[in-house]
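curious how this folds, go ahead:
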Amino acid sequence: MTLDFFDDIELETTHPLLLEYLEPTHELYFKGKTNDVIKIIGELLVEHQKVTDKWIDFQQYFNGDLAWVLNQEQGLLAKGPESIIKAYENILKNNQLNLSVVKSDLKHDEAIVIILGKSFIICRDVEFKRIL
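Coordinates of the predicted model:
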């Protein structure tokens, strides 16, 4: 167990950590061959970091090892929140791959993220009581 100290508590209702709770889930399928898998992975990484502000691990939504999946020339690339999948979709389109997106209309209830330094808690509601 590690003990991290923090200076303040942040409460957020719009934060990258909440995307999978507040947005519908989409599945991104692709078909096509690319000669530069490493370039696509790099572009996906950069875009992922922009959308998630580096709060969510790059491999979180991909269907296994990214290089392996792209070398299969077709299949499910990723499943995740709409805004992240749209970012991935733009990268694949720019690299001339054929795409198909299966959209889910399911959205989750409201959610809040409580950020405590490097740690966080995702919940529906929070209540604070002053004890001193």
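
wait, doesn't Leu28 sit right on Val101?
Yes - look at Leu28 against Val101 with Cβ atoms under 8 Å: they come within range, at 5.6 Å. The C-beta positions use only the backbone N, C-alpha and C, and glycine is treated the same way.

residues contacting whichever helix in the chain runs longest, please?
The longest helix of the chain (DSSP state H) is helix 37-52. With Cβ atoms under 8 Å, 6 or more residues apart in numbering as the contact definition, helix 37-52 has outside contacts at 16, 19, 34, 56, 58, 66-67, 70-71, 83-84, 87-88, 90-92, 94-95.

what's the burial count for the spatially closest residue to Asn71 that is not a sequence neighbour?
Ranked by Cβ to Cβ, 6 or more residues apart in numbering and with sequence neighbours excluded, the top spatial neighbour of Asn71 is Val37, at 6.2 Å. Burial measure for Val37: 16 neighbouring residues, criterion other Cβ atoms under 10 Å.

which pLDDT value goes with Asp4?
For Asp4, the model assigns a pLDDT of 69.

where in this protein is pLDDT low?
Applying pLDDT under 70 to the chain picks out residues 1-4, 106-108.
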